[in-house]
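In: model this:
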Amino acid sequence: MSVSIIGLIKAAILNGTPLLFGTSGEILTEKSGNLNLGVEGLMFMGGAFGLIGPVIYGNIAGESASGAVAILIALLCSFGVGCIGSLIFSFLTITLRANQNVTGLALTIFGTGVGQFAGELMRVKVGGNVTISNALKAAFADPIFPEALRKIPVVGEIVFGYNLFVYMGIVIVLVMAYFMKKTRPGLFLSAVGESPATADAAGVNVTKYRYLATVIGGGISAVGGMVYTMTIAGSVWNHQGLSGEGWVAVALVIFCLWRPMNTLWGSALFGALLILYLRLPIPFIPTQIYKVVPYIATALVLIFVSLRQRREDQPPAGLGLNYFREDR
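Out: You can find the predicted model right below:
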């Protein structure tokens, strides 16, 4: 029984890691007052280009390909394409003041199309599955800590049994939480999200903060798509594999009440809910019912938060609203 529980915890954390990146990136974006509903598209692009980069590198380097270099290329490709997509979103919503909801949905359609096109184009070009060598796959998916630590009873597998990206996601969340609560730029960012007019009157550059938070947040979310493709999907391109991950990440932002630290346990919980149909199948319950459980949980949290009416549990007051300085 203990083995199965440990296995479930590990699977939940591994499956929740892409959500950890996607959610933390979106929290950073929404803290600035920008509502980017294009996370699904960003993760699609990140998953496609995060695989294509190491594939090209592996073909060029051959047997001498380094796992560390492949990981670095995957991170740069996914983060870069996420920043580009978010920069387009930022230009439309911040500079041109387009509707954020409509622009975010358009980014989802655009990003999903670009990701699928790039992945399928590579698949046709190689004449089969788009993947990397087993040695490079191991660099992405294998635990980074030595086996001696993983053999520690109970704690070993739960604490030390994961790939690099699990710990990278945790570090990003910790840094983000410290940045938002303990640093002057982080407090300025929160002020921009709460009341851009007040922040502007105090001398804070609203446009700069919104641009930086949205672009960097989008890049982090796109890395989540790469993590899904390179670990959960086995470093093989599957145009349907990422479907829905971005929307779950957006729901998880609400579930975590826009607090970075809550994503550490929230992503693991949602990761468990996403694989529940595999670990705890009930014959008369369709698989689709399992897949809507995260959204039901988010709706329950929204109801609970609305009833409590605590300001600290609410989204940034300026979320989704374009800032018109001339109206200040």
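
In: show me the shaky parts of this structure.
Out: 1-3, 308-309, 311, 326-328 (pLDDT under 70).

In: next, the buried residues of the helix ranked longest in it.
Out: When the chain is parsed with DSSP state H, its longest helix is helix 2-31. Neighbour-count burial for helix 2-31 flags 6, 9-31 (criterion: 16 or more other CB atoms under 10 Å). (Each C-beta comes from the backbone N, C-alpha and C, glycine too.)

In: now stretch 248-268
Out: The neighbour-count check on stretch 248-268 (16+ other CB under 10 Å) flags 248-260, 262-264, 266-268 as buried.

In: sort out for me which of the residues you listed are in helices.
Out: 248-255, 262-264, 266-268.

In: which one of the residues you listed is nearest P283?
Out: Distance from P283 was checked for each of those by CB to CB. The minimum falls on V248, at 25.1 Å.

In: returning to that earlier point: could you list every helix and strand in contact with the longest helix of the chain?
Out: helix 39-61, helix 155-160, helix 164-182, helix 184-194, helix 206-227, helix 245-255, helix 262-274 (3 or more CB pairs under 8 Å, 6 or more residues apart in numbering; DSSP states H and E).

In: off-centre distance for it?
Out: 9 Å (CA atoms, centre = their mean, to the nearest Å).

In: over to stretch 296-305?
Out: 21 Å.

In: contacts for that stretch?
Out: 251-252, 254-255, 257, 269-270, 273, 313-314 (CB atoms under 8 Å, 6 or more residues apart in numbering).

In: could you redo the last one with a cut-off of 7 Å?
Out: Defining contact as CB atoms under 7 Å, 6 or more residues apart in numbering, one finds that stretch 296-305 is touched by 251, 254-255, 257, 313.

In: which among these gets closest to L321?
Out: Of all the contacts of stretch 296-305, I254 has the smallest distance to L321: 17.2 Å, by CB to CB.

In: OK, contacts around that closest one?
Out: I254 makes contact with 298, 301-302, according to CB under 7 Å, 6+ apart.

In: mind checking which of those residues are buried?
Out: Applying 16+ other CB under 10 Å to the contacts of I254, the neighbour count classes 298, 301 as buried.

In: looking at the contacts of I254, which is nearest P281?
Out: T298 (23.3 Å).

In: how about the nearest residue to the closest one, chain neighbours excluded?
Out: For T298, ignoring the flanking residues on the chain, the nearest one in space by CB to CB, 6 or more residues apart in numbering is A251 at 4.3 Å.
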